[in-house]
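> compute the structure for the input listed below.
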Amino acid sequence: MILKLNVIVVMALFGLFGSKNADSLDMEKVSIHSFTVKDIQGNDFNFADLKGKKVMIVNTASKCGFTSQYKGLQELYNKYKDQNFTIVGFPANNFLAQEPGSNDEIASFCEINYGVEFPMMAKISVKEKKQHPIYKFLTDLSENGVAGSSVKWNFQKYLIDEDGFLVRSVSSKTKPNEKSIVAWIESN
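Coordinates of the predicted model:
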């Protein structure tokens with residue numbers, strides 16, 4: 001059995017399956033739709049429910065220089081939420097303790113100050129040893145199959161296609177309504 005498996009691996013590596021290559025073997029690519037996380041109220045949030053939608057995932061913080069991006073995120077959500085697009089926010093306290101609050105405090109802050117209606121998840125870690133599995137997927141090439149990245153600051157954005165696969169990451173400095181993001185949302 002082990003010998004047979006080794007032969008298959010070697011054949012795949014050297015392209016000895018005729019027209020097939022290692023990528024076309026019966027390996028299923030993992031998508032974000034395989035994840036279930038806790039929302040900010042503590043309920044399960046199943047990403048499989050977002051099949052067919054483009055998704056922007058963003059790590060948020062309430063005491064950051066980019067916190068005003070909540071306004072742009074909400075405006076983008078309002079404009080495109082009925083066009084198979086959504087935003088999912090993940091509060092994180094990874095950068096200079098800029099998200100110190102509890103989930104209840106974060107939810108209240110977002111609603112009172114920015115009228116946030118897009119889905120907000122429970123506070124997580126987006127980097128280092130305690131990195132949440134969904135952010136491991138977003139940042140690790142071996143997990144997402146598209147690109148490796150690191151979360152450099154609050155309000156970094158990850159664009160996910162309708163099939164649940166990473167398209168690209170977007171810098172914290174880039175506003176949510178930037179032309180290339182809007183063009184991606186509006187593209188078929």
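
> please name the nearest non-neighbouring residue to the spatially most central residue of the chain.
Taking CA atoms, centre = their mean, the centroid of the chain lies closest to I57, which sits 4.0 Å from it. Distance criterion CB to CB, 6 or more residues apart in numbering; nearest residue to I57, sequence neighbours excluded, is Y158 at 4.4 Å. (C-beta placed from N, C-alpha, C; glycine too.)

> what does Y77 give?
Closest residue in space to Y77, ignoring its immediate chain neighbours: F118 at 4.3 Å, by CB to CB, 6+ apart.

> got it, and K173?
Among residues not flanking K173 along the chain, F66 sits closest, at 7.8 Å (CB to CB, 6+ apart).

> secondary structure class for the one you found?
Classification of F66 by DSSP: H, G, I helix; E, B strand; the rest coil places it in coil.

> from M120, how far out is it?
F66 sits 16 Å away from M120 when distances are taken as CB to CB, to the nearest Å.

> in a strand, the residue nearest to Y77, correct?
No - read with three-state DSSP, F118 is coil and lies in no strand.

> can I get stretch 105-123 in CSV? Just the C-alpha atoms.
What follows is stretch 105-123, C-alpha atoms only, in CSV (Å, rounded to 0.1, in the frame of the first residue of the first chain):
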residue,chain,number,x,y,z
GLU,A,105,-18.9,46.6,23.6
ILE,A,106,-17.7,46.2,20.1
ALA,A,107,-21.2,45.5,18.8
SER,A,108,-22.6,48.6,20.6
PHE,A,109,-19.7,50.8,19.3
CYS,A,110,-20.3,49.7,15.7
GLU,A,111,-24.0,50.2,15.8
ILE,A,112,-24.0,53.6,17.7
ASN,A,113,-21.1,55.2,15.8
TYR,A,114,-21.4,53.7,12.3
GLY,A,115,-24.8,52.0,12.0
VAL,A,116,-23.0,48.7,11.1
GLU,A,117,-25.4,46.2,9.8
PHE,A,118,-23.1,43.8,8.0
PRO,A,119,-22.2,40.6,9.8
MET,A,120,-19.7,41.1,12.6
MET,A,121,-18.0,38.1,14.2
ALA,A,122,-16.7,37.4,17.7
LYS,A,123,-13.2,39.0,18.4
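
> no further questions, thank you.
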